[in-house]
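Visitor: give the three-dimensional model of this entry:
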Amino acid sequence: MFWQTTRFNIDLARPKVMGIVNLTPDSFSDGGRFENVRAALEHCEALLSDGADILDLGAESTRPGAVPLPLQQELARLMPVLTEAVKLGVPISVDTYKPEVMQAALDQGADIINDVWALRHPAALPDGLTGLQVVSRHPACGVCLMHMHREPASMQVQPMSGDVVAEVLEFLKQSVQVMQASGVKKDRIVLDPGIGFGKTPEQNFTLLAHQHELLQAQCGLLVGWSRKRSLGWALNDGAQHAQRDVVASRRVSASVTAALLGLQNGAHVVRVHDVRDTVDAIRVWQAMLSRS
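Guide: Numbering: from 1, shown residues only. The predicted structure follows:
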């Protein structure tokens, strides 16, 4: 299986690690660390040195309770870094739901649009173009479509109910159908079940346990467990408000474990903060597989 993107045809036969580059002051884990261009580019280079295959740049936080960021502020944070990042020789993903940002990023040479709204956000360009139309009119860019229940400001106040696996799978299948109807081939699409986006910890782990079922959508699968609050919940045996539950920096080993379990259960790409630790774990796992 390959993931077709603007400049790269990414081979998903081997696991790919997407390194997170937060250009925000308020992301839940590392907000404020890479706000200036030089620091952000140094972080990009460090992630590549650690073994990242893809870089994912995000200039607006979508953590639970996040307030939407004005368009011009998002562009001001993103574009100077993106302009340099596309010169690094690896696929560059841009994490955004705004059509204006998608268009600007693609015009600058971005390879992938990574949208937590799965191109469903009602915003449109001044000429009426939606995110779906921006992506479908591009000849080759890759896209990652994520399942999110409700929206960031309220998704954890009223998380989803019912059969989480069946509902997420149906959403992902429908998203693929919409893309195909707009002329986007399946090899350009990767899907994300949206761990932590409007789901309880129990639902997140149910998705992990039954993750293979999501492969029925017949696209590449990306998972993002990195430093998520559900890992803190698991570390505290289900306690909701204990110390380890709220300190993202103490969830590294749990994040690596979840990433590896995600790959074992069929994921093709893992989106992580801690690239070196994740790459090391994958190498150990692959050394075992090569002898089996």
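Visitor: count the neighbours of R63 for me.
Guide: 17 (other CB atoms under 10 Å). Where C-beta positions appear, they are placed from N, C-alpha and C, glycine not excepted.
Visitor: check G183 too.
Guide: Neighbours around G183, by other CB under 10 Å: 11.
Visitor: got phi/psi on the closest residue to it other than its chain neighbours?
Guide: Leaving aside its sequence neighbours, G183 sits nearest to S136 (CB to CB, 6 or more residues apart in numbering; 5.3 Å). Main-chain torsions, S136, degrees, to the nearest 10: phi -70, psi -30.
Visitor: distance of S136 from Q180?
Guide: 10 Å (CB to CB, to the nearest Å).
Visitor: more neighbours: which of these two?
Guide: Under the neighbour definition other CB under 10 Å, S136 and Q180 were set side by side, and S136 has more, 20 against 14.
Visitor: wait, the more buried one touches M179, no?
Guide: Yes. If you go by CB atoms under 8 Å, S136 and M179 touch, sitting 7.3 Å apart.
Visitor: centre of the chain to the longest helix belonging to the chain, how far?
Guide: Longest helix in the chain by number of residues (criterion: DSSP state H): helix 164-181. Once both centres are worked out by CA atoms, centre = their mean, to the nearest Å, helix 164-181 turns out to sit 17 Å from its chain's centre.
Visitor: buried residues in that helix?
Guide: Using 16 or more other CB atoms under 10 Å as the burial criterion, the residues of helix 164-181 that qualify are V164, V165, E167, V168, L169, F171, L172, K173, S175, V176, V178, M179.
Visitor: nearest residue to the third one in space, please, no chain neighbours.
Guide: Translated: E167. M160 (6.7 Å).
Visitor: okay, the residue nearest to G183: pLDDT?
Guide: At S136, the model reports a pLDDT of 97.
Visitor: P122 now?
Guide: pLDDT, P122: 89.
Visitor: equivalent analysis for A153, please.
Guide: Reported pLDDT for A153: 74.
Visitor: adjust the sequence numbering to begin at 637 for everything that follows.
Guide: Yes, from this point I'll number from 637; that puts the last item at A789.
Visitor: so what's the backbone phi/psi at it?
Guide: Dihedral angles for A789 - degrees, to the nearest 10 - are phi -70, psi -30.
Visitor: that one reaches V703, doesn't it?
Guide: Yes. Assessed by CB under 8 Å, A789 is found in contact with V703 at 7.0 Å.
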